[in-house]
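**Student:** A structural model of the following input is requested.
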Amino acid sequence: MKLSKLPFGKEAIVESIADTELSLKLLEMGLLPGETVALENIAPFGDPIAVRVGEYKMCLRLQDADCVMVNVIS
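**Tutor:** Residues are numbered from 1 along each chain as shown. Now for the predicted structure:
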């Protein structure tokens, strides 16, 4: 599932990041494969979104979140 499609309040584990250039930026910010993320906030018009990564929140455009593949934790 893409991070941009993660249901509000659900947690997931990052599998991979498709875009190579974007992956370097996200890796530097702590969004690593194996890291737990959760959708915490959505802007009024749906873009950007805020996800919790570890102990902090990160804002991402939906276009960037589309490149992040996650597995939902049941």
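**Student:** Could you verify my assumption that G34 touches V14?
**Tutor:** Yes. Counting by C-beta atoms under 8 Å, G34 does reach V14; the two are 6.5 Å apart. (Glycine included, C-beta is placed from N, CA and C.)
**Student:** Alpha carbons only: can I get the helix ranked longest in the chain in CSV?
**Tutor:** Among the segments of the chain that qualify as a helix by DSSP state H, the longest is helix 20-28. Written as CSV, here are the backbone C-alpha positions of helix 20-28 (Å, rounded to 0.1, in the frame of the first residue of the first chain):
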residue,chain,number,x,y,z
THR,A,20,15.9,7.3,-5.7
GLU,A,21,16.3,11.1,-5.4
LEU,A,22,13.5,11.4,-2.9
SER,A,23,14.6,8.3,-1.0
LEU,A,24,17.9,10.0,-0.1
LYS,A,25,16.0,13.0,1.4
LEU,A,26,13.6,10.8,3.3
LEU,A,27,16.3,8.6,4.6
GLU,A,28,18.2,11.7,5.9
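**Student:** Following the chain onward from that helix, which element is next?
**Tutor:** Once helix 20-28 ends, the next helix or strand along the chain (criterion: DSSP states H and E) is strand 36-42.
**Student:** Show me what that next one is packed up against.
**Tutor:** On a contact count with 3 or more C-beta pairs under 8 Å, 6 or more residues apart in numbering; DSSP states H and E, strand 36-42 meets strand 11-17, strand 49-53.
**Student:** which of these is buried the deepest?
**Tutor:** With neighbours taken as mean count of other C-beta atoms under 10 Å, the helices and strands packed on strand 36-42 reach their highest mean count in strand 49-53, at a mean of 18.
**Student:** what sits up against the lowest-mean-pLDDT helix or strand in the chain?
**Tutor:** Ranked by mean pLDDT, DSSP states H and E, the helix or strand of the chain with the weakest confidence is helix 20-28, at a mean of 86. Here helix 20-28 makes contact (C-beta atoms under 8 Å, 6 or more residues apart in numbering) with 17, 64, 67-68.
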